[in-house]
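1. Here is a sequence together with a model predicted from it:
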Amino acid sequence: MPSTLAVRPPSVTGALLALERLLLRGGQRTARRNAWTAVLEDRRRAKDRREAQHLLEAAADPGPRAR
């Protein structure tokens, strides 16, 4: 009898992706990924807006003046 091969169990990510493939059709999977990409892009734009706002406020504030 051949010896049993050591098989590494799937990672959590791999298991979730396999489950996703079983449960969701291709179009649904694509829609979910597109939605997540949009969420990440919205977060990036919000961060950029906050940084720009801070820069504008810092530029508008004359700060302490030397006498």
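-> Ah, there it is. Residues are numbered from 1 along each chain as shown.

2. Tell me how far Ala38 lies from Pro10.
-> Distance of Ala38 to Pro10, given as Cβ to Cβ, to the nearest Å: 29 Å. Just so you know, the C-beta spots here come from the backbone N, C-alpha and C atoms, and that holds for glycine as well.

3. Number of residues surrounding Leu24?
-> The number of residues packed around Leu24, counting by other Cβ atoms under 10 Å, is 13.

4. can you give me phi and psi for it?
-> With angles defined as degrees, to the nearest 10, Leu24 sits at phi -110, psi 140.

5. For the nearest residue to it once chain neighbours are set aside, give its distance to Gly26.
-> Using Cβ to Cβ, 6 or more residues apart in numbering and skipping the chain neighbours, the partner closest in space to Leu24 is Arg32 (7.0 Å). Distance from Arg32 to Gly26, counting by Cβ to Cβ: 11 Å.

6. neighbour count winner among the two?
-> Higher neighbour count among Arg32 and Gly26: Arg32, with 12 against 8, using other Cβ under 10 Å.

7. That one: which element?
-> Following DSSP states H and E, one finds Arg32 within helix 26-60.

8. any idea how far that helix is from the chain center?
-> For helix 26-60, the separation from the chain centroid amounts to 10 Å (computed by Cα atoms, centre = their mean, to the nearest Å).

9. SS state for Pro9?
-> coil (DSSP: H, G, I helix; E, B strand; the rest coil).

10. Compute the number of surrounding residues for it.
-> Neighbours of Pro9 (other Cβ under 10 Å): 7.

11. likewise Arg21?
-> What Arg21 shows, counting by other Cβ under 10 Å, is a neighbour count of 11.

12. Ala18: what's it in contact with?
-> Residues in contact with Ala18 (Cβ atoms under 8 Å, 6 or more residues apart in numbering) are Pro10.
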